[in-house]
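Peer 1: below is the sequence, then the predicted model.
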Amino acid sequence: MTIENVKAKIQEILSGSYSAQIYLVLKNENGFEIRLADIADATEPELRNLFSESVQAQISENEDLSVCNLSNADDRANTLFHYDYEEYPDELSIFKNFNLMITIDEIPKFNFEYDNISSLYGYIVYLGSLTEGILLFKKHYPISLIKRECFLLGLKKSEERFEKINNDDILRLNGDFQLIRIGEDIYVTDVKVLERNLGFNELVIREAATTVGAIDELGLLEDIQVLKDSAEEVSFARKLSKVKKTSPIFANNIAKEVIVQFTKTNPGLKGAFKYSEDGLTIRLDTKKSKEAFVKLLNDAFLRSELTKEYYEARAKDNIKSA
């Protein structure tokens with residue numbers, strides 16, 4: 001979907017008659033389980049408005065927002081990242097496979113007698129009707145849970161004295177979310193949460209290993225083991241993981257000889273690499289050379305047709321001719 005399609009679909013759903021439902025994602029030794037949060041009728045409108053306003057503020061009303069594939073993610077701001085990997089970590093599969101229309105009658109309500117609130121992993125929020133809607137995912141952090149054994153002090157309206165508030169466990173919700181699903185498409189609003197908490201790092205390292213294998217087949221490097229070792233570091237693997245899928249070099253089957261010659265003549269790459277004694281392969285011996293090699297594979301060194309100037313392009317949106 002384009003950003004216009006995303007906004008239009010959200011507007012279509014939120015402009016009609018719809019309600020909000022919250023599902024608690026629990027994580028224990030048996031894996032993940034989902035429980036319906038039984039929300040009081042009087043509270044539902046407030047929750048509906050809370051998350052609806054958050055969706056509208058972050059997406060619908062954000063005029064600078066764009067859509068980019070997650071496999072090509074960079075540090076650009078105001079971007080909704082479309083999850084375009086074929087594999088889903090377990091933590092993300094629970095959101096991907098959630099089907100309200102099929103499972104609504106099969107999901108038990110959360111019960112403090114049988115369920116442990118301390119195993120709360122996250123929330124799935126549904127905004128929609130009986131026929132269609134949007135799904136949000138919010139990662140839960142322990143700091144957002146006020147345990148029932150905690151001692152809370154409250155100040156009553158129009159009074160000055162603090163008194164103990166008798167409570168069960170309290171969950172604090174602020175309308176924030178890190179994932180949104182529209183139809184079968186998942187979009188990420190916070191990549192860092194995805195990497196740190198949703199099992200994405202393991203996937204990234206596997207994807208990076210696939211890229212290293214493809215690079216090895218090209219025979220570009222004097223010693224592929226140097227790249228293999230770096231691919232086990234998450235920060236570098238993150239940069240490598242998208243290369244095989246998005247690099248024009250692989251898509252267009254650019255010959256090894258052409259690539260090596262390019263590194264020797266492009267102003268942005270001169271001096272970035274050392275080479276084997278025969279000059280036919282690239283030697284990666286520093287962190288800087290590894291970083292430059294990834295940029296090379298991403299075709300980041302461009303020349304303007306208008307000014308004939310050379311540039312390093314960190315983010316490239318492909319323009320197709322009519």
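Peer 2: In hand now; what should we look at?
Peer 1: hmm, V67 is touching I59, no?
Peer 2: No. Counting by C-beta atoms under 8 Å, no contact exists between V67 and I59, whose distance comes to 10.2 Å. Yep, even glycine has a C-beta here, placed from its N, CA and C like the rest.
Peer 1: what touches both of these two?
Peer 2: 6, 80 (C-beta atoms under 8 Å, 6 or more residues apart in numbering).
Peer 1: the more surrounded of those two?
Peer 2: I59 (20 against 16; other C-beta atoms under 10 Å).
Peer 1: name the element Y85 belongs to?
Peer 2: Counting by DSSP states H and E, no helix or strand carries Y85.
Peer 1: pull the number of nearby residues for it.
Peer 2: 19.
Peer 1: so what's it up against?
Peer 2: So Y85 contacts 70-71, 203, 207 (C-beta under 8 Å, 6+ apart).
Peer 1: of those residues, which belong to helices?
Peer 2: 203, 207 (DSSP state H).
Peer 1: the closest residue to S276 other than its chain neighbours - how many residues pack around it?
Peer 2: Spatial nearest neighbour of S276, excluding adjacent residues (C-beta to C-beta, 6 or more residues apart in numbering): E222 at 4.4 Å. Using other C-beta under 10 Å, E222 has 18 neighbouring residues.
Peer 1: and E222, what pLDDT?
Peer 2: E222 is assigned a predicted lDDT (pLDDT) of 92.
Peer 1: show me where the stretch 151-300 of the chain has its strands.
Peer 2: Here the stretch 151-300 of the chain has its strands, by DSSP state E, counting those that start in this stretch, at 153-155, 162-164, 170-171, 179-182, 185-188, 274-275, 282-283.
Peer 1: can you check the stretch 1-150 of the chain too?
Peer 2: Using DSSP E, counting those that start in this stretch, strands in the stretch 1-150 of the chain cover 19-28, 31-36, 66-69, 79-82, 120-128, 133-139, 145-146.
Peer 1: deepest-packed of the ones you listed, please.
Peer 2: Mean neighbour count (mean count of other C-beta atoms under 10 Å) peaks for strand 133-139 among the strands of the stretch 1-150 of the chain, with a mean of 23.
Peer 1: which strands and helices sit next to it?
Peer 2: helix 3-14, helix 44-55, strand 120-128, strand 179-182 (3 or more C-beta pairs under 8 Å, 6 or more residues apart in numbering; DSSP states H and E).
Peer 1: now do stretch 259-275, average pLDDT.
Peer 2: In the prediction, stretch 259-275 has an average pLDDT of 89.
Peer 1: hey, C-alpha coordinates of it in PDB?
Peer 2: Coordinates of the C-alpha atoms in stretch 259-275 are reproduced here as PDB (Å, rounded to 0.1, in the frame of the first residue of the first chain):
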ATOM      1  CA  ILE A 259      32.100  -3.900  -9.200                       C
ATOM      2  CA  VAL A 260      35.800  -4.000  -8.300                       C
ATOM      3  CA  GLN A 261      36.700  -1.500 -11.000                       C
ATOM      4  CA  PHE A 262      33.900   0.800  -9.800                       C
ATOM      5  CA  THR A 263      35.500   0.900  -6.300                       C
ATOM      6  CA  LYS A 264      38.800   2.000  -7.800                       C
ATOM      7  CA  THR A 265      37.400   4.900  -9.900                       C
ATOM      8  CA  ASN A 266      34.400   6.300  -8.000                       C
ATOM      9  CA  PRO A 267      35.400   9.400  -6.100                       C
ATOM     10  CA  GLY A 268      33.300   8.300  -3.100                       C
ATOM     11  CA  LEU A 269      35.200   5.000  -2.800                       C
ATOM     12  CA  LYS A 270      38.700   5.900  -3.700                       C
ATOM     13  CA  GLY A 271      41.000   4.800  -0.900                       C
ATOM     14  CA  ALA A 272      38.100   3.000   0.900                       C
ATOM     15  CA  PHE A 273      39.500  -0.500   0.200                       C
ATOM     16  CA  LYS A 274      42.700  -2.400  -0.100                       C
ATOM     17  CA  TYR A 275      42.800  -5.300  -2.600                       C
END
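Peer 1: in that stretch, what counts as buried?
Peer 2: Within stretch 259-275, the residues that count as buried by 16 or more other C-beta atoms under 10 Å are 260, 263, 266, 268-269, 272-273.
Peer 1: which two among these are spaced furthest apart?
Peer 2: V260 and G268 (15.3 Å; C-beta to C-beta).
Peer 1: what residue ranges in the stretch 201-322 of the chain score low on pLDDT?
Peer 2: 303-322 (pLDDT under 70).
Peer 1: if you set the cut-off to 80 instead, what comes out?
Peer 2: 235, 242, 244-246, 300-322 (pLDDT under 80).
Peer 1: what's the answer for the stretch 1-150 of the chain, then?
Peer 2: Using pLDDT under 80, the flagged stretches of the stretch 1-150 of the chain are 71-77, 100-106, 112, 141-150.
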